[in-house]
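Q: here are the coordinates; sequence isn't available:
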């Protein structure tokens, strides 16, 4: 598995779902936005505190084998 440094997972935060850099934006939120046709720039406009690398790492997280 890749070393994903931007993903945080804590069973006491966000119901244990993986999220981005402690910001309470879940990996699932980002992946869902991408699946609905949102572009990277659309997501960054909606969540200006995210970085493009956060989006790439969220996608890498869901693509990585368990």
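A: Happy to help now that I have it. Keep in mind that this is a model prediction, so the values were computed, not measured. Numbers count the residues shown, from 1 in each chain.

Q: please count neighbours and contacts with C-alpha atoms only from this point.
A: Will do.

Q: pretty sure residue 61 contacts residue 4?
A: Yes: when contacts are counted by Cα atoms under 8 Å, residue 61 is listed as touching residue 4 (7.3 Å).

Q: more neighbours, those two?
A: Neighbour count, other Cα atoms under 10 Å: between residue 61 and residue 4, residue 61 has more, with 20 against 12.

Q: buried residues in stretch 49-63?
A: Buried residues in stretch 49-63, counted by 16 or more other Cα atoms under 10 Å: 50, 54, 55, 57, 58, 59, 61.

Q: tell me the contacts of the fourth one?
A: Right, residue 57. 4, 6, 7 (Cα atoms under 8 Å, 6 or more residues apart in numbering).

Q: give me phi/psi at the nearest residue to the last one once chain neighbours are set aside?
A: Meaning residue 7. Of all residues not flanking residue 7 in the chain, residue 20 sits nearest, at 4.9 Å (Cα to Cα, 6 or more residues apart in numbering). For residue 20, the backbone dihedrals are phi -90, psi 120 (criterion: degrees, to the nearest 10).
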